[in-house]
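**Q** no sequence on this one, just coordinates:
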């Protein structure tokens, strides 16, 4: 199995580690740490040295309650980093839902569009008719990879009234339809990855239901990306007594455990902040699965 992207066919027979590079002042985990091009590039190089297989660069926080960022500001944050990062020899993903940003980063060599809106944002924001949608941008690109994520509501409201009902069934049906629509536009199946959207409009119990029943999502026939890293649901479950894991770095071990469980249950890409420990844990997992 492989994931076709702009410059790379990514071998998914081995689980891939996607390192997170937030070029933002306000991300929930590391906002402000890599907000300049120089700092972001140092972080990119560090993550690759730690074993990251690919990098995911984002210029807008999508934590619950985060305010949206304009196109010009997002481009000013991510475009200089992407221009440099494409020279590092690994696939470069850009975490964005704006068609204008997608087009710009693909034009300078990015490999993957990673979209929390699953390419729906253009319709939701009612753009001018002459503007391309995210789906148009991806469909018109000959080879770029795309990750379609499930999100309930939007970042500003998604946790004020989370989903109800059978979350796995709803997420499965949504992702199946999003992928079907994209393939109807001519996008080859091997370019598409799916992400159930842990933490995006779901309760703690619903997030863990997605992990427990991950096989139902895999039945759609697409590889899955798991993005559990430092999520608040892990803090809620891994709390010791009355001590909740408030610091994001306290969530490292639960994050690694969730990544391993996701891989064990079939995820092919894990999106993480803590690359080195995740890579080490996956090496142990792989050694136990030889033969």
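**A** Arrived safely, thanks for sending. Please read these numbers as outputs of a predicted model, since none were measured by experiment.

**Q** for the chain, which strand is longest?
**A** strand 16-22 (DSSP state E).

**Q** sheet-wise, list the partners of it with their directions.
**A** strand 54-58 (parallel), strand 269-272 (parallel) (DSSP bridges).

**Q** how far away from the center of its chain is stretch 9-25?
**A** Put simply, stretch 9-25 sits 8 Å off its chain's centre (Cα atoms, centre = their mean, to the nearest Å).

**Q** would you mind listing the buried residues in it?
**A** For stretch 9-25, burial by neighbour count (16 or more other Cβ atoms under 10 Å) applies to 10, 12, 15-24. All C-beta atoms are positioned from the backbone trio N, CA, C, and that covers glycine.

**Q** show me which of the residues you listed is closest to residue 204.
**A** residue 20 (21.5 Å; Cβ to Cβ).

**Q** how close does the closest one get to residue 151?
**A** 17 Å (Cβ to Cβ, to the nearest Å).

**Q** and residue 67, by the same measure?
**A** 16 Å.

**Q** and for residue 75?
**A** To residue 151, residue 75 is 22 Å away according to Cβ to Cβ.

**Q** is the nearest residue to residue 228 once chain neighbours are set aside in a helix, a strand, or coil?
**A** Excluding the flanking residues, the one nearest residue 228 by Cβ to Cβ, 6 or more residues apart in numbering is residue 258, at 3.7 Å. Here residue 258 is recorded as helix under DSSP: H, G, I helix; E, B strand; the rest coil.

**Q** pLDDT score assigned to residue 258?
**A** As predicted, residue 258 sits at a pLDDT of 97.

**Q** let me know how buried it is, in neighbour terms.
**A** Using other Cβ atoms under 10 Å, residue 258 has 27 other residues around it.

**Q** check whether it really touches residue 227, as I assumed.
**A** No - using Cβ atoms under 8 Å, residue 258 is not in contact with residue 227, being 9.6 Å away.
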